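Undergrad: Please find the sequence and the predicted model below.
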Amino acid sequence: MTQTAWADLPNAKHVDRILADLKKNPEKWAAARDAAWAAARDAAWAAARNTARVAAWDAAYDAARTDARGAAWDAAYDAARTDARDAVWYAAWYAGWGAISALIAYDDCAYLLDEKPEHVKMLGLLGNEKAILLYSACVALHQKEVSA
């Protein structure tokens, strides 16, 4: 298997897990994204996403985009966008990219993917930016496989 640009990051296996599930079942991700946007106001989600983006971008920029985070950011962005391009591109891509952004920006948030979605939702409603970004992924990853 080819090593990814984000392979050296602490949450690499979780980024890979999200990309694989997103590619395999984009319908789950679109539905999860819809649930997340209904649960949290658009402004809160956008603020959390932007915070994660800025944190990851700053890390990459400060290292003149030569460190693992800068390459990981670009590669994961392209992979998420490509994997979600088909059936429900926009909704699935946003759900996947929000989660990947959190996993790249915050080394300590992957545990939320294994929490019950209602717990992650509650944390998000309390303003936890990591939970806001990972809620869609948590919902999607806890859904049963959608049969083709």
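TA: That came through, no problem.

Undergrad: Burial check on Asn50, number of neighbours?
TA: 13 (other Cβ atoms under 10 Å). Yep, even glycine has a C-beta here, placed from its N, CA and C like the rest.

Undergrad: quick one: average confidence on stretch 17-36?
TA: The average pLDDT within stretch 17-36 is 81.

Undergrad: buried set for it?
TA: 17-19, 21-23, 25-26, 28-33, 35-36 (16 or more other Cβ atoms under 10 Å).

Undergrad: Stretch 117-129 now?
TA: Residues of stretch 117-129 classed as buried: Pro117, Val120, Lys121, Leu123, Gly124, Asn128, Glu129 (neighbour count, 16+ other Cβ under 10 Å).

Undergrad: okay if I get those residues as JSON lines plus distance to Pro10, pLDDT and secondary structure?
TA: Conversion of the buried residues of stretch 117-129 to JSON lines gives the following (distance: Cβ to Cβ, whole Å; pLDDT from 0 to 100; DSSP: H, G, I helix; E, B strand; the rest coil):
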{"residue": "Pro117", "distance to Pro10": "23", "pLDDT": "92", "secondary structure": "helix"}
{"residue": "Val120", "distance to Pro10": "19", "pLDDT": "93", "secondary structure": "helix"}
{"residue": "Lys121", "distance to Pro10": "25", "pLDDT": "89", "secondary structure": "helix"}
{"residue": "Leu123", "distance to Pro10": "20", "pLDDT": "92", "secondary structure": "helix"}
{"residue": "Gly124", "distance to Pro10": "22", "pLDDT": "87", "secondary structure": "helix"}
{"residue": "Asn128", "distance to Pro10": "19", "pLDDT": "91", "secondary structure": "coil"}
{"residue": "Glu129", "distance to Pro10": "18", "pLDDT": "89", "secondary structure": "helix"}
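
Undergrad: is it true that Leu19 touches Ala99?
TA: No: taking Cβ atoms under 8 Å as the definition, Leu19 is not a contact partner of Ala99, at 9.8 Å.

Undergrad: Nearest to Trp6 among the buried residues of stretch 117-129?
TA: Glu129 (20.2 Å; Cβ to Cβ).

Undergrad: With the flanking residues excluded, which residue is spatially nearest to that closest one?
TA: Setting aside the residues directly before and after it, Glu129 is nearest to Ala48 in space (Cβ to Cβ, 6 or more residues apart in numbering), at 3.6 Å.
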